[in-house]
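Visitor: With the sequence up front, the predicted model follows.
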Number of protein chains: 2
Amino acid sequence: MTTPLTRHGAMIKLRPEKEADYRQLHADVWPSVRDALTRANISNYSIFLRDGVLFSYFEYRGRDLETDLRTALADDGVRGWLTLTDACQVPIASASDGEWWAPAEELFHLD
Amino acid sequence: MTTPLTRHGAMIKLRPEKEADYRQLHADVWPSVRDALTRANISNYSIFLRDGVLFSYFEYRGRDLETDLRTALADDGVRGWLTLTDACQVPIASASDGEWWAPAEELFHLD
C-alpha cells in the first residue's frame, strides 16, 4: 500500500522588528531541525514572505502528521530552534486559541 | 545540463462575494488550462485559501518563466479561464501597478 502524500499550507505573521533575526536563522537552519523534519516524513518544505506575512508549504508522506510532529517537538534541537523562531512570529488574527501557524485550505492542485 | 528547478510563491486576495464561484471553478479546472500550465514547465502547483487571502505555490523547470507564461497566455482556453478567475481576485495592497499575483520571497527550503 502506498503511503499517501498530503500538502499543507499555513500562514503566520512575522514581527517586523524580528525580520532580520528570522532571515538569519533561516539562511542556515540547524541540521537537527532539518533532520527532525525529515524523520517526521515532511519534505519539499518552503517558507515564503510577503508584506510581513509568512506562508509555508510542505508535503507529508506518512500516516499521522500529528504524532510525527509531536515526536519532532520532543527533539532538543527542535525545541531550541522554536524558542528562537516563535519569538519572531505572531499568529494571524483568525487563529484559534493556541494555534500557531494557521492552516489554509488547498483549493487547487496540479501535479 | 540539468534544467534548474525554481519555486514560486505568490499572494492575491479573493473577493468575498466571488468565493463560491472561485471554488467551483477550481473544483474542476479546465483541461486546456492544466495542459497550458504543463507546457509552460509548471508543476506541483497548489493554491491555498485562508481568510480571504489566496497563496500559490508552484515549481518551474525551465529556462525562461516569463516567455513560458506569455505562451500560455496566448492560449484561448487560458484567456477565457483568466477572464473568469480575474473577476474573483483583487491584488494585495502592496502589489505594483499592473501586478496581479504578488510574488513572495522564499526564505527557507528543505528538500
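Guide: Happy to help now that I have it.

Visitor: Show me what the most centrally placed residue in chain A is bridged to.
Guide: Closest residue to the average C-alpha location of chain A: A:S56 at 6.1 Å, with C-alpha atoms, centre = their mean. When bridges are called by DSSP bridges, A:S56 pairs up with A:A10, A:I47.

Visitor: which residues touch it?
Guide: The contact partners of A:S56, taken as C-beta atoms under 8 Å, 6 or more residues apart in numbering or on different chains, are A:8-12, A:45-48, A:101. Glycine gets a C-beta too; all of them are placed from N, C-alpha and C.

Visitor: how does it look with 7 Å?
Guide: Taking C-beta atoms under 7 Å, 6 or more residues apart in numbering or on different chains as the contact definition, A:S56 lies against A:9-10, A:46-47, A:101.

Visitor: Can you say which two of the residues you listed are spatially most distant?
Guide: Set against one another by C-beta to C-beta, those have their most distant pair in A:S46 and A:W101, with a gap of 13.3 Å.

Visitor: In chain A, mark out all the strands, start to finish.
Guide: Using DSSP state E, the strands assigned to chain A run over residues A:5-14, A:42-50, A:53-61, A:89-90, A:102-103, A:105-110.

Visitor: In CSV: the ones you listed, plus mean pLDDT.
Guide: Formatted as CSV, the strands of chain A follow (pLDDT from 0 to 100):
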stretch, mean pLDDT
strand A:5-14, 98
strand A:42-50, 98
strand A:53-61, 98
strand A:89-90, 98
strand A:102-103, 98
strand A:105-110, 97
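
Visitor: Redo those strands as JSON lines? Include distance to B:T67.
Guide: Compiled in JSON lines, those are given as follows (distance: least, C-beta to C-beta, whole Å):
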{"stretch": "strand A:5-14", "distance to B:T67": "28"}
{"stretch": "strand A:42-50", "distance to B:T67": "24"}
{"stretch": "strand A:53-61", "distance to B:T67": "25"}
{"stretch": "strand A:89-90", "distance to B:T67": "37"}
{"stretch": "strand A:102-103", "distance to B:T67": "35"}
{"stretch": "strand A:105-110", "distance to B:T67": "20"}
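
Visitor: So what would you say the end-to-end distance of stretch A:94-104 is?
Guide: This stretch, stretch A:94-104, spans 11 Å end to end (C-alpha to C-alpha, to the nearest Å).

Visitor: what pLDDT, on average, does the helix ranked longest in chain A get?
Guide: If each helix of chain A is counted by residues according to DSSP state H, the longest one is helix A:76-86. Confidence over helix A:76-86, taken as the mean pLDDT, stands at 97.

Visitor: Which single one of the contacts of A:S56 is nearest to B:L110?
Guide: Checking the contacts of A:S56 against B:L110 with C-beta to C-beta, the nearest one is A:S46 at 7.9 Å.
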